[in-house]
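Fold the following.
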Amino acid sequence: MSASGHGWFGRKRFGFGYGPRSWQGWLITAVYAALMIGVPRVISARTDHVWLIGMMVLLTVAYLAIFFWKLDRTGR
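Numbers count the residues shown, from 1 in each chain. This next block holds a predicted model:
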């Protein structure tokens, strides 16, 4: 939890779904996006596409694990 007692991710104030609510949530989301853009540029030139897909699945699972771990379930 962040210093204010809220999770890094929570319900959107407008619209549908969940999103980043603190700087930590935005940082994790930005790192995830940068890795999803950068990893294919590095891996696809050197190895088979199976490794690329595996790495992208691993990154997504790690992001979702952090997301659900730090999700604010109180509904604020």
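
tell me which element the residue nearest in space to the middle of the chain is part of?
Centroid check for the chain by Cα atoms, centre = their mean gives Tyr63 as the closest residue, at 3.8 Å. For Tyr63, the host element (DSSP states H and E) is helix 49-69.

Let me see the mean pLDDT of that helix.
Helix 49-69 shows an average pLDDT of 94 in the prediction.

got it, and stretch 27-38?
This predicted structure assigns stretch 27-38 an average pLDDT of 97.

got the CA positions of that stretch in PDB?
Taking C-alpha atoms only, stretch 27-38 is exported to PDB below (Å, rounded to 0.1, in the frame of the first residue of the first chain):
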ATOM      1  CA  LEU A  27       5.600   3.900 -12.900                       C
ATOM      2  CA  ILE A  28       4.900   0.100 -13.100                       C
ATOM      3  CA  THR A  29       2.500   0.700 -16.000                       C
ATOM      4  CA  ALA A  30       5.200   2.800 -17.800                       C
ATOM      5  CA  VAL A  31       7.900   0.200 -17.200                       C
ATOM      6  CA  TYR A  32       5.600  -2.500 -18.500                       C
ATOM      7  CA  ALA A  33       4.700  -0.600 -21.600                       C
ATOM      8  CA  ALA A  34       8.400   0.200 -22.300                       C
ATOM      9  CA  LEU A  35       9.400  -3.400 -21.900                       C
ATOM     10  CA  MET A  36       6.600  -4.600 -24.100                       C
ATOM     11  CA  ILE A  37       7.800  -2.200 -26.800                       C
ATOM     12  CA  GLY A  38      11.500  -2.800 -26.300                       C
END
